[in-house]
Every structure is written in structure tokens, then in C-alpha cells.
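In: build me a model:
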Amino acid sequence: MENTPHPLASPPWVAGGAKSSAVTRWSLLAKIVVSAALLYYLGIKVEWHTVSERLAAAAPGPLLAAVALLIGSLIAAALRWRLLVQQGGARMSMSRAVQWTYAGQFFGQVLPATVGGDLVRGVLAYRSGLPWRDVLAGVVLDRVAALLGSVILIFSGLPLLAERAAGEDLSLAWTVLVSLALIIGLGVALSLDRLPLPLSLTERPFVANVLGLARRLRHGLRSRAGFVGLALSLLIHLNTVLIVVVIAQGLGVAISPLAAFLVVPLAILAAAVPISLNGWGVREGVMVTGLGLFGVPAGDALLVSVTLGLAVVVSVLPGSFTWLTAK
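Out: As a prediction, this is how the structure comes out:
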């Protein structure tokens, strides 16, 4: 049985040092530059007078409903994480799972920090006394389940999207290729312990921990909790599709449920790639390109995407309180 960590301790996977801090600062700067450049590129294509008219006539009811739906998604995400942590043997209350998930989302979506949301909730869980191996496996499993959910939705709608695109836009094809690369990469990562590695290599502590994590992840995904977690991921992503439709209605933008179903999962996956600041710019680029295939003007698609991002920020603001009160 692992010892209860000191309240100020960090889990073993958290690296420190001046060199690491310098790398994270440069990484943050690069992400800010990427997001700003993408948003500027998209902005020069927009008819801003039309956007202003949309905003002036926006209905607050649907926008508030979108925030409420986003809070529901966050609670579902907390439940998914709790199930995936507990399948390894640890115990986490639902209230703690929601508290830590909120805190992590606050750091991951609101603050331009060098500390990711997954790291924040993992550290909070570890400092509460949960075994670090269970915490790490649960966080990684949760991320894998979320990515697999978006990939499943992407491929379920791929024939219709390909028919609509008809080779006119290669940027969507790149997103599909990224999806395939993720599937292949996950398959390799989950099978590392089955590779014929030299015994001298597998006996090294770091390698042994990595192989052990791969084994735990594979078993976790095949467990009952893993299947439930994947189902929750699909529900969360479908809820995001609904949120986009609701936001569009509130802004007076015509986006069909089918168009949202085919495009939003692509935007979710693209935003998860850590090349921009909290997905800003990348998400908007996919939304503008994808919805453009369905006749949605660039300005309308950009407005809906930006409003979605702002609604996410509003929905996770309570995370500042849960972070301050976390023990």
C-alpha cells in the first residue's frame, strides 16, 4: 500500500527545474502565436458588419441553455474520470471528481497557463492520498476515451462528409489522416508491453513503469468501466453537437443538425492537438472550413465557434473556486 503523500508533494511524473520551466514558457508563447495567427487569418475573410448584426439580434435564452448543457458535459466528464480511476482499485467520491475536474478545466480553458488541466486534476487527486499509479492511469485513460469518442463519430459520418467535400478541400482530409494516426499510435502505445524488448531494457525503472502503464491502460479500456467511459465520451461529444446547434439558433445562424454532427467532432479532435492556446484558432479553422461545405458563411461559422469557446470559458469559471477550496 502506497504512503499518503505530503499535502504539497507532487506526483512522480511531474518534472521540475529551470530548464523545464523555460521550455514550457516557450511552448506557451508558440501556442499563443499559432492561435493569434489563425484567428487573424480567419478574421480577414469575415464580413464584420454581418457579424455585428448577428450579435445585436442574439437571443440570450439559447446561449444560456448552451452554458447549462456545457456544465452537464463537465459533470459527465467527471463521472467518466471517476469510473476510470476506480477501475484500478482507487476510490474517489463523485463530489471530489467534479471539484477536481472543474479545477482542471479552469486551468485548461481559462488561464493561458503552462500547467494543463489534466496535470492539475491529477496532482489534486494524488495530494488527497490516491495512489499515483491509479491517478496517472485514470487521467490517461480518460484522455484516450475522449479521443476515441471523437474518432468514432468522425468515421461514422465520414462517407457523408467525403461526399459533400468531393475533393474540394484537403484540410478536412488532413484531419482524417490525424484521426488514423491517432488510432495507430494508440494501438502501438497500448501494446508496448507485448513488444520483444531486451530484458536489460525492461528492467530499468522508467521503462518498467511505462510498460506497466501500457498494460493497465489496455486492461482498463477492455473493462466495464472502459466501455462505460467510451459511451460517456460519445454522449459528451453529441452534446457538444447539440450545443453548437443551440448557439447557432441563438445567433440566428442556419446550421443543420447533420452539418453540426459531421463537422463538430472534427473540430473537437483538432482542438485537442496541443499546437494552439486551448484550441483557439484551430477549432475555428475547422468549423469555418467544414461548415462552409454546407453553405454557412465564414463569418457565421467563426461567430458560432468563438461563441462556443466563450461559453466553455463561462461554464468552467466555478473551477477557480473549486481550485482554491481543494484539499
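
In: can you give me the neighbour number for Met94?
Out: Neighbourhood size, Met94 [other Cβ atoms under 10 Å]: 11. For every residue, glycine as well, the C-beta is placed using N, CA and C.

In: go ahead and confirm it touches Trp81.
Out: No: look at Met94 against Trp81 with Cβ atoms under 8 Å: they stay out of range, at 10.4 Å.

In: now the helix or strand hosting Val210: how far from the chain's centre is it?
Out: Here Val210, judged by DSSP states H and E, is contained in helix 205-222. Its chain's average C-alpha position is 22 Å from that of helix 205-222, according to Cα atoms, centre = their mean, to the nearest Å.

In: what is the helix or strand immediately after that helix in the chain packed up against?
Out: On the C-terminal side of helix 205-222, the nearest following helix or strand under DSSP H and E is helix 224-251. With contacts taken as 3 or more Cβ pairs under 8 Å, 6 or more residues apart in numbering; DSSP states H and E, helix 224-251 sits against helix 60-86, helix 132-156, helix 257-272, helix 298-316.

In: quick one: buried residues of stretch 269-283?
Out: Leu269, Ala270, Ala271, Ala272, Ser276, Leu277, Asn278, Gly279, Trp280, Gly281, Val282, Arg283 (16 or more other Cβ atoms under 10 Å).

In: any chance of these in CSV with pLDDT and distance to Gly212 as columns?
Out: Output for those, formatted as CSV (pLDDT from 0 to 100; distance: Cβ to Cβ, whole Å):
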residue, pLDDT, distance to Gly212
Leu269, 86, 28
Ala270, 84, 32
Ala271, 85, 31
Ala272, 82, 25
Ser276, 75, 33
Leu277, 73, 34
Asn278, 76, 32
Gly279, 78, 31
Trp280, 82, 36
Gly281, 84, 37
Val282, 87, 33
Arg283, 89, 35
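
In: identify the farthest-apart pair in the residues you listed.
Out: Leu269 and Leu277 (17.1 Å; Cβ to Cβ).

In: so where's the stretch 51-200 of the chain uncertain?
Out: Counting by pLDDT under 70, the ranges of the stretch 51-200 of the chain that qualify are 111-115, 165-176, 178-179, 190, 192-193, 199.

In: and the residue lying closest to Gly229 once chain neighbours are set aside, how close does it get to Leu84?
Out: Using Cβ to Cβ, 6 or more residues apart in numbering and skipping residues adjacent in sequence, the residue nearest Gly229 is Ala145, 4.3 Å away. From Ala145 across to Leu84, the span is 7 Å (Cβ to Cβ, to the nearest Å).
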